[in-house]
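**Student:** Okay, here's the prediction I keep looking at, along with the sequence it came from:
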Amino acid sequence: MADDSVITVRDLRMRYGTKDVLDGVEFEVRRGEVVTLLGPNGAGKTTTVEILEGFRERSGGEVRVLGADPLTAPESWRAGIGIVLQSWRDHGLWKVHELLRHLGEYYEPYGTAERPRPRPVDALLETVGLADAADQRVSKLSGGQRRRLDVAIGIVGRPELLFLDEPTAGFDPEARRDFHDIVHSLVDLEDTTIVLTTHDLDEAEKLADRILILAGGHIVAAGSADALARQVEGKAQVTWTRGGERYVHAADDATAFVRSLFAQYGDEVADLEVRRTTLEDTYMALVRKQEYGAASEAVPAAVPARDGGER
Amino acid sequence: MNPRNHAVKVGLRRGWTLTRLGLRNPEDLLFYLVWGGGMAVYLIVNRNDEVGDTGLSFATVALPGVIAAMMVFGGIVGPAFSLVLEREDGTLLRAKSAPHGLIGYVTAQVVYQASSAIPTLVVLVVPTALAVDDVMHRGAYGWAMVALIVVLGLAATLPIGMVLGSLARKPSQVSTWGMVPVIGLTLFSGIFGPVTNHAGWVQGVVQAFPTYWMGHLMRWAFLPDAAKAIELGGEWRVLPALVVVAAWAVVGLVLAPVVLRRMARRESGSAVEARMAERMQRVG
């Protein structure tokens, strides 16, 4: 298992002044996994990703990314890493294909037979849906096209590990679906490992093999969307009508509850609906639990278990 | 191939692309035209004033110094502004994300800043040379010396510009710590009139900086030997000039990589975001 570990994080700490933004974060990402970092604003998602990217010095803990400590890794380590940066206004005068060709050139010395580097520009433009804009100046691109270019730049070096910080912010639904297709093909065809941060729970559910929820400086939960839902005292919401009146009940065991419902009222029950806990419910429950936990520091038991996904 | 050398090669190509894009960018072109053209007009208008009893016209004497001053200004302020702005817009972070990308970035800056001096010089020198008789008194040898002095001047100024650009946190600091001192030095460094017009201590101060000496070297390369009468001490001081300019080059070349690396290490996506937000507030 250690062999195919792409990222290992142990007891990661980050302190700004007197504030502990990250306070003992631990997780592992294996080759070919898509892992999403979820969490409220200020929870340290971006800080965590930037530490993994080697762009930020940590206050403590152990971090291995592609077999090296990002802080001391040699430049060749960069060749294995792709970063989709937030959209800026750099290289406005450059033509799209010109910029991709130029940035790709940096990766030439690092190509191998199984991972030829860089990616051919024309195919890459096709992949991200920018083929028609190849000759346009970067400053003339629309917001969505600009984000597609950011994605293209992130993968031009055919990275083994790709970081995406809120990748689809500003995407229309079509662009979002295209982007999800790109992510799936990167994972399926090239065994790329992907770490992304997002606010979009739907996106997290669609893309991620595993979701890490970061709150209060810890990973408060980790697992697939399903596993997370089970982790939160899996209450399902049952609604029905009886005699023209609408009822709602939150049930721990929805099946047993519905059975008793019918046993009691039989044919009177109508419009029955059972809604499973969504990722959103789970997320809200976990984050809230963390916030209350942090508020009542006098009660140590209220602090949630770290890295709960391992249970 | 050694990855570092490869990155230098990528940087050279990048520098060429930047130069090409600059030559097609109206803003850059306007800058060359106003800057170089304005100076040319000034020199041509004053071409009949004679300097002392040298028999040389003001335009002839001032042209070498103006070339030197423009080089120093462009060599320091150009990269300084580039670095600050490209840190703000994320260009630098893009470079940092690629293997040895910073080597490529700096190489490209050197190529671009050096080559962008050429259009300004052409706009300045060609019309002046046509309108004023005999700007170059030493023929081919003189031009060869001019080329060497230009290279030395760039070696002295570009690293300083990069250090300034790395230390400055926003563009206005480049104006305060780069542009204002450089323009100040230019006014007192004997570019537009003999340095002996200024107080003794001013003469002493300007001789610690490259502007004065670059002007001196350029005049030495352009003017007839008799023109040394208007220099300090009435003689050409080529060796001290080379020593001072070379000393600045050495200091800059030692400092620049250290300061650049330190600055680049702090760059991250959120750093760029934070500066963008701050900039929006500044503008709005």
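**Tutor:** Ah, there it is.
**Student:** need the contact list for the residue in the stretch 101-250 of chain B that chain A sits nearest to.
**Tutor:** Closest to chain A within the stretch 101-250 of chain B is residue B:101: 5.6 Å, counting by Cβ to the nearest Cβ. C-beta here means a position set from N, CA and C on the backbone, and glycine is covered the same way. Residues near residue B:101 by Cβ atoms under 8 Å, 6 or more residues apart in numbering or on different chains: A:78, A:106, B:7, B:94-95.
**Student:** near chain A, which residues of the stretch 101-250 of chain B?
**Tutor:** Proximity of the stretch 101-250 of chain B to chain A (Cβ under 8 Å from any Cβ of the partner chain) is limited to residues B:101, B:104.
**Student:** could you pull out the helices for the stretch 101-250 of chain B?
**Tutor:** With DSSP state H, counting those that start in this stretch as the criterion, the stretch 101-250 of chain B has helices at B:101-115, B:117-131, B:139-167, B:171-174, B:180-188, B:200-206, B:210-222, B:238-265.
**Student:** Between the ones you listed, which one is closest to residue A:44.
**Tutor:** Minimum separation from residue A:44 across these (Cβ to Cβ) falls at helix B:238-265, 20.2 Å.
**Student:** How confident was the prediction at residue A:1?
**Tutor:** Here, the pLDDT recorded for residue A:1 equals 45.
**Student:** Kindly report the same for residue B:272.
**Tutor:** pLDDT for residue B:272: 86.
**Student:** now do residue A:43
**Tutor:** Note on residue A:43: pLDDT of 86.
**Student:** Leaving out the residues flanking it, which one is nearest to it?
**Tutor:** Counting by Cβ to Cβ, 6 or more residues apart in numbering or on different chains, residue A:214 is the residue found nearest to residue A:43 once chain neighbours are left out, at 4.7 Å.
**Student:** can you give me phi and psi for residue A:239?
**Tutor:** Per-residue torsions, residue A:239: phi -120, psi 150 (degrees, to the nearest 10).
**Student:** thinking again about what came up before, which one of the helices of the stretch 101-250 of chain B is the most hemmed in?
**Tutor:** Of the helices of the stretch 101-250 of chain B, the one with the most neighbours on average (mean count of other Cβ atoms under 10 Å in any protein chain shown) is helix B:210-222, at a mean of 27.
**Student:** Restrict that one to CA atoms and write it as PDB.
**Tutor:** Extracted C-alpha coordinates of helix B:210-222, given in PDB (Å, rounded to 0.1, in the frame of the first residue of the first chain):
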ATOM      1  CA  PRO B 210      26.600  53.700 -13.100                       C
ATOM      2  CA  THR B 211      24.700  56.600 -14.800                       C
ATOM      3  CA  TYR B 212      27.600  59.000 -14.700                       C
ATOM      4  CA  TRP B 213      30.200  56.500 -15.800                       C
ATOM      5  CA  MET B 214      28.000  55.000 -18.600                       C
ATOM      6  CA  GLY B 215      27.700  58.500 -19.900                       C
ATOM      7  CA  HIS B 216      31.400  59.000 -19.700                       C
ATOM      8  CA  LEU B 217      32.100  55.800 -21.500                       C
ATOM      9  CA  MET B 218      29.600  56.600 -24.200                       C
ATOM     10  CA  ARG B 219      31.100  60.000 -24.800                       C
ATOM     11  CA  TRP B 220      34.500  58.500 -24.900                       C
ATOM     12  CA  ALA B 221      33.300  56.100 -27.600                       C
ATOM     13  CA  PHE B 222      31.500  58.700 -29.700                       C
END
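**Student:** now it against helix B:139-167, angle please.
**Tutor:** 170 degrees (axes from the mean of the first three to the mean of the last three Cα atoms, to 10 degrees).
**Student:** Quick one: work out the angle between helix B:210-222 and helix B:180-188.
**Tutor:** Counting by the same axes, to 10 degrees, helix B:210-222 lies at 40 degrees to helix B:180-188.
**Student:** which residues does the closest residue to residue A:135 other than its chain neighbours bridge with?
**Tutor:** Closest residue to residue A:135 apart from its sequence neighbours, by Cβ to Cβ, 6+ apart: residue A:95 at 5.7 Å. Going by DSSP bridges, residue A:95 is paired in beta bridges with residue A:137.
**Student:** number of nearby residues for residue A:95?
**Tutor:** Residues lying near residue A:95 (other Cβ atoms under 10 Å in any protein chain shown) number 18.
**Student:** is it true that it touches residue A:140?
**Tutor:** No. With contact defined as Cβ atoms under 8 Å, residue A:95 does not count as touching residue A:140 (9.6 Å).
**Student:** Could I get the contacting residues of the residue nearest to residue A:43?
**Tutor:** Residue A:214 is in contact with A:25, A:37-39, A:43-45, A:48, A:220, counting by Cβ under 8 Å, 6+ apart.
**Student:** Sitting in helices, which of these do you find?
**Tutor:** Judged by DSSP state H, the contacts of residue A:214 include A:45, A:48 as members of helices.
**Student:** Neighbour count added to the contacts of residue A:214, as TSV?
**Tutor:** What follows is those, written out as TSV (neighbours: other Cβ atoms under 10 Å in any protein chain shown):
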residue	neighbour count
A:25	26
A:37	24
A:38	27
A:39	24
A:43	23
A:44	25
A:45	22
A:48	27
A:220	25
